[in-house]
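Novice: I would like the atomic coordinates for the input below:
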Amino acid sequence: LAIAQWEDMRVYDDERTSSLMHRRGVDSARDLDFDAAQAMAKDANVGTLVLGDIRREGDSLSIEAKVHDVQTGDRIATEIVRTGRDADPRPVFDSLAARVLSVSGAPPGERPGLVAQTTHSLEAYRAYLRGAEALQQFEIDEAREAFTLAVEIDTTFALAYLRLRDVDGWAGLEATPASRKAWAAKAQAHSASLPPGVRTLVQYYVAYENGDLQRARELAEELIANDSTDVEAWYQLGEAHFHDNASRFPHEPEYGNMGKALHAFQRAREIDPRYLLAYRHILDALGNCAANTPWLCLADSAVYASQDELAARYGADEVDRIREQAQSEQIDVAYAWVDASPQSALARSELIKSLIDRERFSEARNQLGALRASGDTTQARIWEATLLLQEGKYAQAADTITLALDDPTSLRTLLTDQGPDAAFAALGAGARIDRIKVFLDQILSVVAGMSDVANGPGGIELPVSLLGELIDFQMAAGLAVDPDEARRLAYWWMDTVDSLFASDSAAWQKAMAATSSTLLQAYLSTRDTTILSRFLDNIDTTGFRTWRTMDAHLALARGDTAYALAQIDQHVRQADDLEFSGDPGGVRSFAWADLLVRVGDPATAIDVYGRLDSTRVRVGSPSLQVRSWAERGALYQQLGDRDKAIEMYQLFIDAWSDGDEVTAASRAGAVGGGGAARPG
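Specialist: Take a look at the predicted model:
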């Protein structure tokens, strides 16, 4: 900070210097000799090297800087300053920096001191340093507490406001766009004394939080052009790509690019392997690059096209190889994160998640053991429930997550590190409806205490007061135990979206598209065609596929069997893998199978219901898989296959036998047989 005030001078900061030391196996500055320091400086391609010493001399601190020419190794100057042991050391570092700059040929002129750039309060600065360390370790609560203290002590502390924005970005359900926008604005308001590069970073944050991610990318690229080793600029470039419709297809040129996001995150990690924030996003980006999606990640970018177009352009085998490589690299990066931060429960959790995603269950269980050994039983139970969910052991998964949630510390762990989705999935898989409601009330009490708005479907801002009923709607539609309630909530949700957003707005489209699967499930439990027609009247059909299933159901309900059969032929019998992949693919599988039953093709319906047994699909739709067992049992009964019918019914009973009493009628209907058994 003290030296980096000129735009035409590049200064390696302490984090990047620490990274260079780490690469050369130098664990401590005390172990750094001149030869290693000179080699590091040559690696960094800088001209001047400063080696320093801080010594206690009675009641004083003596700070010495030895300035060297990197190429020759010659010492150019030695500068020494002194201050009291208990005094704020920043003013003497300013003095030392001025001497070093004059030796290095920097132009004369006024330069904001360290106090002006940071804070006039040493206590606030120390709190900031504690927060920065905690943030790198993803200790979100500790980081927030430290940065909050810093800005309470000094309300003009721009760097602390900037990091509060970062903390909010990792705060899970507790995070709000309004808070991040406010922190970025406060940082900008007090940024006049910051070095040029940091001021540009502040401008980046303001553009990012105002939704101008294209401008944010331009600012990050400007920072990289000035210094190609700026680790934070690379990381933020990745953020601005990753969060700007990078997974949207068809893909507009102004959108973010998944491959460029991955490249930027990887570059940040290459520059500084201990820049731990990058690991999480590398894993997220690699997961998207490994998936069967309408894009292909290449060396430093991604090509967006349909699966057929990608196969024609690169060859199907090459497409598969690139995606398999991303899968393998995902696990390598997760292991590297654990190596870089072995005490981090989040790093180990992400490794467990990566192993589960790749169905390496025995390795995942080994890592669960390490998580338990570290004393983090809450995280271990949550991941145990997720693992049981993957293995199709739904009743056990529900029991395990219930035990985890009984721990008073579990709610904060879920919200900060994992989000609530895993708990909702496990409880829903076991039909623990009452426990879901308790869990939902706990979450809402936390969120309501922090903000009036929260991220809703599609990333849109919604009043917190609506979230509870929205989740009730998702649960009612998914479990299908109360058709009247599912119908009421479907109408409530569509009315709510209509009241909040204009029907031709992007927010309306996002909210409706993001809940299309829920609305489709509500229709399947109610047979209310108005749910489908209201959705299809205004929805943009270019960005997702679920509308096609709705369209076919609506046609059959209106008596157009020929059109429904044509849709089945095109989107089921000749479908690509994407039609049935991921969470939306699970809902579409159930809906297409239901349609096949209605047009009189039970054998094909059984096969399509069977797609819900795929590990990749069932975890996102466990309740639908359980319901599909009852449906398949009834279909096998109709086809005269008694043994298969019993097998399917038994799977259904095993999963929901300990569910709440509201599912009792469903269980009785399934066991009773005598036609199509429909849960609810």
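Novice: mind listing the strands for the protein?
Specialist: Here the chain has its strands, by DSSP state E, at 48-57, 60-69, 75-84, 295-297, 302-304, 453-455, 461-463.
Novice: tell me which strands and helices the second one is in contact with?
Specialist: What that stands for is strand 60-69. Judged by 3 or more CB pairs under 8 Å, 6 or more residues apart in numbering; DSSP states H and E, the packing partners of strand 60-69 are strand 48-57, strand 75-84, helix 90-104. Where you see a C-beta, it was placed from the backbone N, CA and C, and this is true even at glycine.
Novice: closest to residue 202 out of those?
Specialist: With CB to CB as the criterion, residue 202 lies closest to helix 90-104 of the helices and strands packed on strand 60-69, at 20.7 Å.
Novice: just how off-centre is the closest one within its chain?
Specialist: Relative to the chain's own centre, helix 90-104 is displaced by 42 Å; criterion: CA atoms, centre = their mean, to the nearest Å.
Novice: Please identify the deepest-packed of the helices and strands packed on strand 60-69.
Specialist: helix 90-104 (a mean of 18; mean count of other CB atoms under 10 Å).
Novice: now the angle from that one to strand 75-84?
Specialist: Angle, helix 90-104 to strand 75-84, by axes from the mean of the first three to the mean of the last three CA atoms, to 10 degrees: 170 degrees.
Novice: returning to what we had before: arrange the strands of the chain in TSV, one row each, with mean pLDDT and distance to residue 239 as further columns.
Specialist: Listed next are those as TSV, based on pLDDT from 0 to 100; distance: least, CB to CB, whole Å:
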stretch	mean pLDDT	distance to residue 239
strand 48-57	87	32
strand 60-69	88	35
strand 75-84	86	39
strand 295-297	95	17
strand 302-304	96	16
strand 453-455	73	16
strand 461-463	82	19
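Novice: of all those strands, which lies closest to residue 634?
Specialist: Nearest to residue 634, of these and by CB to CB, is strand 461-463 at 38.3 Å.
Novice: which parts of that closest one are buried?
Specialist: For strand 461-463, burial by neighbour count (16 or more other CB atoms under 10 Å) applies to residue 462.
Novice: Tell me the helices and strands packed up against that strand.
Specialist: Under the contact criterion of 3+ CB pairs under 8 Å, 6+ apart, strand 461-463 touches strand 453-455.
Novice: now do 6 Å
Specialist: On a contact count with 3 or more CB pairs under 6 Å, 6 or more residues apart in numbering; DSSP states H and E, strand 461-463 meets no helix or strand.
Novice: so what strands line up beside it?
Specialist: In the sheet, strand 461-463 lines up against strand 453-455 (antiparallel) (DSSP bridges).
Novice: now the partner strand, how far from the chain's geometric center?
Specialist: 16 Å.
Novice: Kindly check the end-to-end length of stretch 592-609 for me.
Specialist: Stretch 592-609 has an end-to-end distance of 8 Å (criterion: CA to CA, to the nearest Å).
Novice: Can you name the residues in contact with it?
Specialist: 524, 552, 553, 572, 589, 628, 632, 635, 638 (CB atoms under 6 Å, 6 or more residues apart in numbering).
Novice: One more pass at 7 Å, please.
Specialist: Outside stretch 592-609, the residues that touch it by CB atoms under 7 Å, 6 or more residues apart in numbering are 524, 549, 552-553, 556, 561, 564-565, 568, 572, 589, 628, 631-632, 635, 638-639.
Novice: follow-up on the earlier one: take the helices and strands packed on strand 60-69 and write them to JSON lines, including distance to residue 40.
Specialist: Formatted as JSON lines, the helices and strands packed on strand 60-69 follow (distance: least, CB to CB, whole Å):
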{"stretch": "strand 48-57", "distance to residue 40": "8"}
{"stretch": "strand 75-84", "distance to residue 40": "17"}
{"stretch": "helix 90-104", "distance to residue 40": "18"}
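Novice: For residue 533, find the nearest of the ones you listed.
Specialist: Residue 533 sits nearest to helix 90-104 of all these, at 66.9 Å, using CB to CB.
Novice: For the closest one, name the packing helices and strands.
Specialist: Counting contacts by 3 or more CB pairs under 7 Å, 6 or more residues apart in numbering; DSSP states H and E, helix 90-104 packs against strand 60-69, strand 75-84, helix 114-117.
Novice: so which of those comes closest to residue 340?
Specialist: Ranking the helices and strands packed on helix 90-104 by proximity to residue 340 (CB to CB) places helix 114-117 first, at 29.4 Å.
Novice: Burial check on the closest residue to residue 429 other than its chain neighbours, number of neighbours?
Specialist: Of all residues not flanking residue 429 in the chain, residue 622 sits nearest, at 3.5 Å (CB to CB, 6 or more residues apart in numbering). Residues lying near residue 622 (other CB atoms under 10 Å) number 27.
Novice: Hmm, residue 390 and residue 622 touching each other?
Specialist: No - if you go by CB atoms under 7 Å, residue 622 and residue 390 don't touch, sitting 9.9 Å apart.
Novice: ok so, going back, of the strands of the chain, which is nearest residue 538?
Specialist: strand 461-463 (19.0 Å).
Novice: residues making contact with that closest one?
Specialist: Counting by CB under 7 Å, 6+ apart, 177, 452, 453, 454, 455, 456 sit against strand 461-463.
Novice: Repeat that for stretch 273-287.
Specialist: Applying CB under 7 Å, 6+ apart, the contact partners of stretch 273-287 are 15, 18-19, 22, 136-137, 231, 235, 238, 242, 258, 261-262, 265-266, 268-269, 326, 329-330, 333-334, 337, 340-341, 350, 354, 357.
Novice: Name the residues of it that come out as buried.
Specialist: Using 16+ other CB under 10 Å as the test for burial, stretch 273-287 gives 273, 275-286.
Novice: What of stretch 178-193?
Specialist: Applying 16+ other CB under 10 Å to stretch 178-193 flags 179-188, 190-191, 193 as buried.
Novice: Which one of the residues you listed is nearest to residue 315?
Specialist: Set against residue 315, the nearest of the buried residues of stretch 178-193 by CB to CB is residue 180 (43.0 Å).
Novice: measure residue 461 to residue 453 for me?
Specialist: Using CB to CB, to the nearest Å, we find residue 461 at a distance of 5 Å from residue 453.
Novice: Same check on residue 97?
Specialist: Separation of residue 97 from residue 453 (CB to CB): 44 Å.
Novice: Ok, residue 640 next?
Specialist: Going from residue 640 to residue 453 by CB to CB gives 56 Å.
Novice: Just checking the distance from stretch 391-411 to the centre of its chain.
Specialist: Per CA atoms, centre = their mean, the centroid offset for stretch 391-411 relative to its chain is 22 Å.
Novice: what's the span of it, first residue to last?
Specialist: The straight-line separation of the ends of stretch 391-411 (CA to CA) is 24 Å.
Novice: Show the average pLDDT along it.
Specialist: Stretch 391-411 carries an average pLDDT of 85.
Novice: And for that stretch, what's in contact with it?
Specialist: The contact list for stretch 391-411, computed with CB under 7 Å, 6+ apart, reads 378, 381-382, 384-385, 388-389, 423, 426-427, 429-430, 432, 435, 439, 442, 446, 618, 622, 626, 654-655, 657-658.
Novice: which of those are buried?
Specialist: Buried among the contacts of stretch 391-411 by 16+ other CB under 10 Å: 378, 381-382, 384-385, 388-389, 423, 426-427, 429-430, 432, 435, 439, 442, 618, 622, 626, 654-655.
Novice: Which members of the contacts of stretch 592-609 are positioned in helices?
Specialist: 524, 549, 552-553, 556, 561, 564-565, 568, 589, 628, 631-632, 635, 638 (DSSP state H).
Novice: Any of the residues you listed buried? List them.
Specialist: Buried members of those, counted by 16+ other CB under 10 Å: 524, 549, 552-553, 556, 564-565, 568, 589, 628, 631-632, 635.
Novice: export those to a markdown table and tack on distance to residue 52 and pLDDT?
Specialist: Putting those into a markdown table (distance: CB to CB, whole Å; pLDDT from 0 to 100) gives the following:
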| residue | distance to residue 52 | pLDDT |
| --- | --- | --- |
| 524 | 69 | 95 |
| 549 | 66 | 95 |
| 552 | 72 | 96 |
| 553 | 72 | 97 |
| 556 | 77 | 96 |
| 564 | 76 | 96 |
| 565 | 78 | 96 |
| 568 | 73 | 96 |
| 589 | 64 | 94 |
| 628 | 67 | 94 |
| 631 | 72 | 96 |
| 632 | 72 | 97 |
| 635 | 77 | 97 |
